[in-house]
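K.L.:
Have a look; sequence and predicted model below, questions after that.
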Amino acid sequence: MDTKFVTSVLGKYIKAPLYRLYEKRLARESENWTKPEHVGIILDGNRRYAKSLGLSNIIIGHEQGSDKLFEVLDWCTEFNIRVISIWIFSLDNFSRGKEEVDAILALIERKAKEYTHDNDDVHKKQVRVRYIGKLDLLPQGLREAIGEMESATKKYGKQFLNVAVAYGGREEITNACKSFLSEQKKLGLELDEIIQSLEPEKLDPYLYTSGHPDPDLIIRTGGEVRLSGFLLWQSVYSEYYFCNTHWPQFRKVDFLRSLRSYHLRKRRFGR
């Protein structure tokens with residue numbers, strides 16, 4: 001058996017009781033916290049997690065990361081967070097090795113099907129799921145699974161989950177601008193008129209997250225301290241929380257720390 005894996009498991013069980021006590025304390029304190037309505041999460045660190053344990057197949061890290069999502073959605077429900085946006089696959093990720101890309105996209109397809117048919121929580125909690133990104137770049141089987149998932153949850157409205165796949169922030173803004181210009185052209189407006197009428201809020205209906213509030217808090221796991229363009233337009237006034245923990249190891253205590261950090265910040269919205 002792999003030594004790194006055994007050490008990691010032993011360390012987890014030794015520290016677990018202490019973290020449970022700490023988690024309970026934070027949970028009690030959280031009753032008086034101001035909480036975000038919309039949380040964005042950059043799910044980072046799956047590959048590094050797998051490598052740190054010496055796992056033979058990197059895709060195991062992605063699989064364990066996909067399982068973690070179910071837990072985090074439960075936490076969001078517990079703390080009355082109504083909108084969650086997660087980034088699971090970027091446009092840049094297409095540049096990785098074909099074997100890994102194919103395996104990740106197959107995993108996303110499998111999870112979409114599970115959400116639709118085998119996950120009662122999604123339906124009991126009435127979670128509306130929407131996939132955002134350049135979905136036309138995805139394999140047909142995955143696009144079909146996404147369409148089925150969105151169709152099965154389209155009437156729900158208690159909680160909203162945006163899943164960013166084949167997503168890039170610059171591309172989202174570019175797409176919004178193109179859609180706006182195309183719509184104005186259909187109305188018969190001249191270029192000068194379109195330019196004069198263009199204000200930031202005019203692009204809101206054409207963004208992938210249209211209809212949802214901008215994210216109040218964005219969490220990035222995996223130890224990287226950068227934005228990478230996630231919800232680039234919408235996050236202008238978001239609060240950020242960077243967590244060193246790799247996504248598959250993300251704990252409820254880490255989530256509570258992010259909520260505490262949000263509560264302690266004074267949001268000025270540029271004022």
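P.N.:
The structure has been received and is ready for your questions.
K.L.:
Look up how far residue 80 lies from the most far-flung residue of the chain relative to its centre.
P.N.:
Using CA atoms, centre = their mean, the residue of the chain lying farthest from its centre is residue 190. It sits 38.7 Å away. Separation of residue 190 from residue 80 (CB to CB, to the nearest Å) stands at 48 Å. From N, CA and C alone the C-beta is placed, and that goes for glycine too.
K.L.:
now residue 131
P.N.:
In terms of CB to CB, residue 131 sits 24 Å off from residue 80.
K.L.:
hmm, back to that, how about the contacts made by the residue farthest from the centre of the chain?
P.N.:
By CB atoms under 8 Å, 6 or more residues apart in numbering, the contact list for residue 190 is empty.
K.L.:
pLDDT score assigned to it?
P.N.:
On pLDDT, residue 190 comes in at 91.
K.L.:
quick one, phi psi at it?
P.N.:
Backbone torsions for residue 190, taken as degrees, to the nearest 10, come to phi -80, psi 160.
K.L.:
how close does it sit to residue 201?
P.N.:
22 Å.
K.L.:
residue ranges for the helices of the protein, please.
P.N.:
3-29, 46-52, 59-78, 98-117, 120-124, 140-153, 169-186, 191-197, 252-264 (DSSP state H).
K.L.:
tell me which residues of the second one are tucked away?
P.N.:
Under the neighbour-count criterion of 16 or more other CB atoms under 10 Å, helix 46-52 has 46, 47, 48, 49, 50 buried.
K.L.:
nearest to residue 113, of these?
P.N.:
Set against residue 113, the nearest of those by CB to CB is residue 46 (20.1 Å).
K.L.:
quick one: contacts for that closest one?
P.N.:
By CB under 8 Å, 6+ apart, the neighbours of residue 46 are 58, 61, 62, 64, 65, 246, 247, 248.
K.L.:
so what pLDDT did it get?
P.N.:
93.
K.L.:
got a list of contacts for stretch 92-107?
P.N.:
With CB under 8 Å, 6+ apart as the criterion, stretch 92-107 contacts 58, 59, 62, 63, 66, 89, 137, 138, 139, 142, 166, 168.
K.L.:
Weed out the non-buried ones from those residues.
P.N.:
With burial judged by 16+ other CB under 10 Å, the buried subset of those is 58, 59, 62, 63, 66, 89, 138, 142, 166, 168.
K.L.:
Any chance of JSON lines for these, columns distance to residue 149?
P.N.:
Formatted as JSON lines, the buried ones among the contacts of stretch 92-107 follow (distance: CB to CB, whole Å):
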{"residue": "58", "distance to residue 149": "25"}
{"residue": "59", "distance to residue 149": "21"}
{"residue": "62", "distance to residue 149": "19"}
{"residue": "63", "distance to residue 149": "19"}
{"residue": "66", "distance to residue 149": "14"}
{"residue": "89", "distance to residue 149": "15"}
{"residue": "138", "distance to residue 149": "13"}
{"residue": "142", "distance to residue 149": "10"}
{"residue": "166", "distance to residue 149": "15"}
{"residue": "168", "distance to residue 149": "22"}
